[in-house]
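Engineer: my questions are about this predicted structure, shown below with the sequence.
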Amino acid sequence: MIGRRAAIAALCAAVAALSSVASSAPSPAPDILVSRQLLESQQLQVGDVVSLSSDTSGANPRSFRIAGQYEPTPDPMRLGAVRLEVRMHLPDVVGLTAQSDPLDAESVDAINVVLANDDEARATVRRLMTAVPGTLAERTGNDERRAAPFVVLERFHLAIAIVTVIASSVFLLALMLMLVEERRATVGMLRLIGFRRSRILQHVLAEGVVIAITGALFGVVLSVVLEGGINRFFQWRYDTALVFVHITPGVALRSVTVAVPLGVAAIFASSWSLLRGEGISLTRR
Amino acid sequence: MRALIFAVRSLVRQPGRTALGIIGIAAVGALLFDMLLLSRGLVVSFRDLLDSVGFDVRVTATDSPLPGGIRLTDATGAAAQIARLPGVAEAVPMRTATGEVWQTGRPVIGLMLTGMDPGARRPWTLITGADLGPSLAPPDLVVNQSLMDEVGGALGSEVTLRTGCDSSRAALAPRTFRIVGIAQFPFDDEAQRTAVMTRTALREACGDDKDEADMLMVASSGGAGAAVAAIRAARPDLVPVTNEQIVARMQTQGFTYFRQISAVLSTITLLFGFLLITVLLTVSVNQRLAEIAALRALGFSRGRAAADVLLQGAMLVGAGGILALPLGFALSLWLDQILKAMPGIPASMHFFVFEPRALVLHAALLVTTALLASAYPMWLVARLPIATTLRNEVVG
Amino acid sequence: MEPLIEARSLGKVFPMGGGPVHALRDISVQIAAGEYLTIRGPSGCGKSTLLHILGCVDTPSSGTLRFDGRDVSALPDHARSDLRLRSIGFVFQRFFLLPMLTAAENVDVPQAEAGVSRADRKRRTAELLDYVGLGHRAGHRPSQLSGGEAQRVAIARALANRPRLLLADEPTGELDRANGEHIAELLDRVQADGTTVVVVTHDAALAERAGRRLVMRDGLIEREEHAR
């Protein structure tokens, strides 16, 4: 796609000057696509003819026919921004924005190039930069700069997850400690009637594994159930098609992989003091 | 024995459990505190940044808050007209462009260029050297440290610069500039390379004769609101916005993600804290039912027994909440460092900014959580049937 | 002379899954101030239920209870709490001392709750611990005391606010013979010093020490015995 940033900005800014002209007769006006948000906010319909101007005063308007609506590509960094956008053919943009300078009709902001062979991207960029001085050529695919915000956000989420896991572990340990405390007398009795520590430990660990797996699976099920609700709420809240929560098998597996050993470790740690004690001391109230 | 000491003793009785409870609350509280700092951090930081520039109103041709859209025409005339308005102390036109430094045998260095007319206020702070002068042979250039390091020259050295101006339709010839000073630009991020020259110099470098500007930077003398009203009346074709309005706009658009994640995580942490306290107190109460029944038999009233539970909850949350502050502060430094790696974030901007209201809100939320979390165990204690409990204990 | 306790036609019904259980049926008893009364009977005969009702920790399903001439059978909870705090002392089979407090602090708790000044509490606590022979164990926690010592601390705690009535539910139930004997002697002394004592017990020897003994069966007073 070839576009003009300034022109698009002007189009967005000129929304206030946008007016709908009812027209039942076939119109020679060129076609445009209008974002769903713009269509809804201005109560337009497909087939309407609208006037657009790149001037804030609405001077020199041109008529266009709305050929259809489109859903703008969701952008997490523009969450909350109302996507009032129009897509039109390049000559129409140029015609709408060109001023007195004869070079205006010859100018574009960028030219998108599709290479026959992706592997040649780097070499092509170098060749272009040398051949046409003053031109900035850059790869679009795997662009680190574009991915950078998401890399940072991922790191941020990871940091939050670490803190959450620490808090959860403490909670889990406290819970397990209370659970084991409840069993104090039972463990004492088992020790008194001759059960070995290792045997009781096996029981405790087996129970811990069952509890941890059940808890982890419940957590995964709960998050899958909540996934739809959270997405629907935020999609409604921000009028976007962006997916906010996506529980993948990998995420679920990672959660279980972290939660189960944590649960087992918590029950083992909390049981340790009981198993170290002598049977008779455990049965005392 | 005072109720407080009594509650302290009850907690100390199970040191492991109490310690875990306090640590759990501290971890949860630290995250909550950070989320409260995050919820307004960017806004506060951004407002401070805007205010630090010295101009409190920005005038543009459209309602687009950022440069790069449609430019103001006859900028000098517009600035002069606005500067004469009541409530306006100064109006300075500003134009932006991109540029490249060309050095023989070295890679091209990309940079952001600003052209600004001379004025009493300047949105940069000179660190060393001289500020922009009227010289055009060659024109003066003030650069940031990052660009200076990249160029590798000394103050007074000349650089060859090719500008990229939107109105320019052809590849422009490089021009020579003299670096006269190094300055700090408030909106620069860590890696950004920035240079500023006079608007006349930029116009010449851009090779056009249009008196255009991306915006007029306006300093009010009697409040931004009055200045905006005066500008609107005098120039209805222009869009003046105050710093507060820009902040408000960024709050509803640019910073939304962080406000949302702050709201979601605050809710989750509070829920988590609520569960932790409720479970701890409920189990504690359940293990002490007979003891509580005995105290009731000895004459402790329902309210006194329930208050003991509430005090225990309050102390758990209080101790955890206080511990959460230094913990949250340390955590916020770490998280801020992570988030500041995001491209385009000015180096002097912070995601986590302390405000007294965050502390008040933190305390209020924790107190509310403690009250709610204590409600169920308090109800258990208040409704405890003394005789039945004592009988069950003996039978058990 | 008006009795300290006057119970008339007390009944207590517990609604249970298999139908209501009549724990007490038409019990009438009067206890004079300074009297020593024991209640005996097989398990489940209703003796602890009667003790709880006499001690105002439970309310009767029917009948009336007067304490020092005042009808207390339908008092609100806070008034019954206040009555227990200031006029009734309880001793439990399992002591129920607060494990995080020392012996002295356990005795201090009811006095603090009753609003006694710190100086008076300190004096009274020392006096009571000496009274039960545990002055030297004031700073010990319940876990550091023997069963007999713990029960003596519990008696000191029950006497903290100079109650007119001391109720004890199986006070020797968890103790060996020697310690049981010590507790029995202590209760004798309490009664001799003017406090009305009512003890529920299975221990025949302890029961024999009282001036009057009630024997219960199936929620009824089967017979009443008097010391010769």
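Structural biologist: Looks like it came in fine.
Engineer: tell me which element B:Glu393 is part of?
Structural biologist: Per DSSP states H and E: B:Glu393 is located in helix B:386-395.
Engineer: as a check, name the ranges of all helices in the chain.
Structural biologist: If you meant another chain, say so; for now it's chain A. Here chain A has its helices, by DSSP state H, at A:5-13, A:36-41, A:90-97, A:121-131, A:144-182, A:184-192, A:197-238, A:249-276, A:279-283.
Engineer: wait, chain C was what I had in mind.
Structural biologist: So, for chain C - with DSSP H - the helices run C:47-54, C:77-87, C:103-113, C:118-131, C:147-158, C:177-192, C:204-208.
Engineer: residues contacting the longest one, please?
Structural biologist: Helix C:177-192 has contacts (C-beta atoms under 8 Å, 6 or more residues apart in numbering or on different chains) with C:34-36, C:131-132, C:146-148, C:151-152, C:155, C:159, C:166, C:168, C:171-172, C:175, C:197, C:199, C:203, C:205-206, C:209. The C-beta positions use only the backbone N, C-alpha and C, and glycine is treated the same way.
Engineer: pull the distance from that helix to the chain's centre.
Structural biologist: 14 Å (C-alpha atoms, centre = their mean, to the nearest Å).
Engineer: okay, buried residues for it please.
Structural biologist: For helix C:177-192, the neighbour count (16 or more other C-beta atoms under 10 Å in any protein chain shown) marks C:Asn179, C:Gly180, C:His182, C:Ile183, C:Ala184, C:Leu186, C:Leu187, C:Val190, C:Gln191 as buried.
Engineer: follow-up on the earlier one: may I see the helices of chain C arranged in JSON lines, with mean pLDDT as well?
Structural biologist: Listed next are the helices of chain C as JSON lines, based on pLDDT from 0 to 100:
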{"stretch": "helix C:47-54", "mean pLDDT": "93"}
{"stretch": "helix C:77-87", "mean pLDDT": "92"}
{"stretch": "helix C:103-113", "mean pLDDT": "93"}
{"stretch": "helix C:118-131", "mean pLDDT": "95"}
{"stretch": "helix C:147-158", "mean pLDDT": "94"}
{"stretch": "helix C:177-192", "mean pLDDT": "92"}
{"stretch": "helix C:204-208", "mean pLDDT": "90"}
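Engineer: point me to the residue of the stretch 251-396 of chain B nearest chain A.
Structural biologist: B:Thr256 (3.4 Å; C-beta to the nearest C-beta).
Engineer: and that residue, how close does it get to A:Phe234?
Structural biologist: 10 Å (C-beta to C-beta, to the nearest Å).
Engineer: picking up where we left off before, just name the most buried of the helices of chain A.
Structural biologist: Comparing the helices of chain A by mean neighbour count (mean count of other C-beta atoms under 10 Å in any protein chain shown), helix A:5-13 comes out on top with a mean of 20.
Engineer: what sits against B:Gln242?
Structural biologist: Let me fix one detail, which is that residue B:242 is Thr and not Gln. Here B:Thr242 is in contact with B:Asp56, B:Val57, B:Ala224, B:Gly225, B:Ala227, B:Val228 (C-beta under 8 Å, 6+ apart).
Engineer: just put the helices of chain C in a markdown table and tack on distance to B:Val43.
Structural biologist: Shown next, in a markdown table, are the helices of chain C (distance: least, C-beta to C-beta, whole Å):
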| stretch | distance to B:Val43 |
| --- | --- |
| helix C:47-54 | 62 |
| helix C:77-87 | 51 |
| helix C:103-113 | 51 |
| helix C:118-131 | 53 |
| helix C:147-158 | 59 |
| helix C:177-192 | 71 |
| helix C:204-208 | 76 |
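Engineer: so which of the ones you listed is nearest A:Val210?
Structural biologist: Checking the helices of chain C against A:Val210 by C-beta to C-beta gives helix C:147-158 as the closest, at 39.5 Å.
Engineer: ok, residues contacting that closest one?
Structural biologist: Taking C-beta under 8 Å, 6+ apart as the rule, helix C:147-158 contacts B:298, C:89-92, C:95-97, C:103, C:106-107, C:109-110, C:125, C:128-129, C:131-134, C:137, C:142, C:145, C:166, C:168, C:171-172, C:174-176, C:178-180, C:182-183, C:186-187, C:190.
Engineer: that one to helix C:118-131, inter-axis angle?
Structural biologist: Here helix C:147-158 runs at 140 degrees with respect to helix C:118-131, directions being taken by axes from the mean of the first three to the mean of the last three C-alpha atoms, to 10 degrees.
Engineer: which ones are touching the closest residue in space to A:Ala167 that isn't next to it in sequence?
Structural biologist: Once flanking residues are discounted, A:Ala167 sits nearest to B:Ala27: 3.7 Å by C-beta to C-beta, 6 or more residues apart in numbering or on different chains. Residues near B:Ala27 by C-beta under 8 Å, 6+ apart: A:Val163, A:Ile166, A:Ala167, A:Val170, B:Ala324, B:Leu327.
Engineer: rewinding a little: hmm, which of the contacts of helix C:147-158 are the buried ones?
Structural biologist: Among the contacts of helix C:147-158, those classed as buried by 16+ other C-beta under 10 Å are B:298, C:89-92, C:95-97, C:103, C:106-107, C:109-110, C:125, C:128-129, C:131-132, C:134, C:137, C:142, C:145, C:166, C:168, C:171-172, C:174-175, C:179-180, C:182-183, C:186-187, C:190.
Engineer: now do the buried residues in the one helix or strand B:Val180 maps to.
Structural biologist: According to DSSP H and E, B:Val180 maps onto strand B:175-184. Going by neighbour count (16+ other C-beta under 10 Å), the buried part of strand B:175-184 is B:Arg175, B:Phe177, B:Arg178, B:Ile179, B:Val180, B:Gly181, B:Ile182, B:Ala183.
Engineer: quick check, the first one in contact with B:Leu161.
Structural biologist: Yes. Taking C-beta atoms under 8 Å as the definition, B:Arg175 is a contact partner of B:Leu161 at 5.9 Å.
Engineer: joint contacts of these two?
Structural biologist: B:Ala205.
Engineer: near chain B, which residues of chain C show up?
Structural biologist: C:48-49, C:52, C:55, C:57-58, C:77-78, C:81-86, C:88-90, C:92-94, C:96, C:98-101, C:105, C:108-110, C:112-114, C:157-158, C:161, C:169-170 (C-beta under 8 Å from any C-beta of the partner chain).
Engineer: quick check: phi and psi on C:Leu4?
Structural biologist: For C:Leu4, the backbone dihedrals are phi -70, psi -40 (criterion: degrees, to the nearest 10).
Engineer: now do the contacts for the residue lying closest to it once chain neighbours are set aside.
Structural biologist: In this structure, C:Leu4 finds its nearest non-sequential neighbour in C:Ala33, 4.3 Å apart by C-beta to C-beta, 6+ apart. When contacts are counted by C-beta under 8 Å, 6+ apart, C:Ala33 is found next to C:Met1, C:Pro3, C:Leu4, C:Arg164, C:Thr196.
Engineer: one step back: out of the contacts of B:Thr242, who has the most neighbours?
Structural biologist: Using other C-beta atoms under 10 Å in any protein chain shown as the neighbour test, the contacts of B:Thr242 are led by B:Val57, with 28 neighbours.
Engineer: how about the nearest residue to that residue, chain neighbours excluded?
Structural biologist: B:Val218 (3.9 Å).
Engineer: the strand holding B:Val180 vs chain A: in contact?
Structural biologist: No. For strand B:175-184 and chain A, the contact criterion (C-beta under 8 Å from any C-beta) is not met; the two come no nearer than 12.9 Å.
Engineer: which strands or helices does that strand pack on?
Structural biologist: Secondary-structure packing of strand B:175-184 (3 or more C-beta pairs under 8 Å, 6 or more residues apart in numbering or on different chains; DSSP states H and E): strand B:125-129, strand B:140-143, helix B:145-151, strand B:158-164, strand B:194-197, helix B:199-206.
Engineer: can you pull the phi/psi pair for the residue nearest in space to the middle of chain A?
Structural biologist: In chain A, the centroid-proximal residue (C-alpha atoms, centre = their mean) is A:Phe244; its distance is 4.7 Å. When read as degrees, to the nearest 10, the backbone of A:Phe244 gives phi -90, psi -40.
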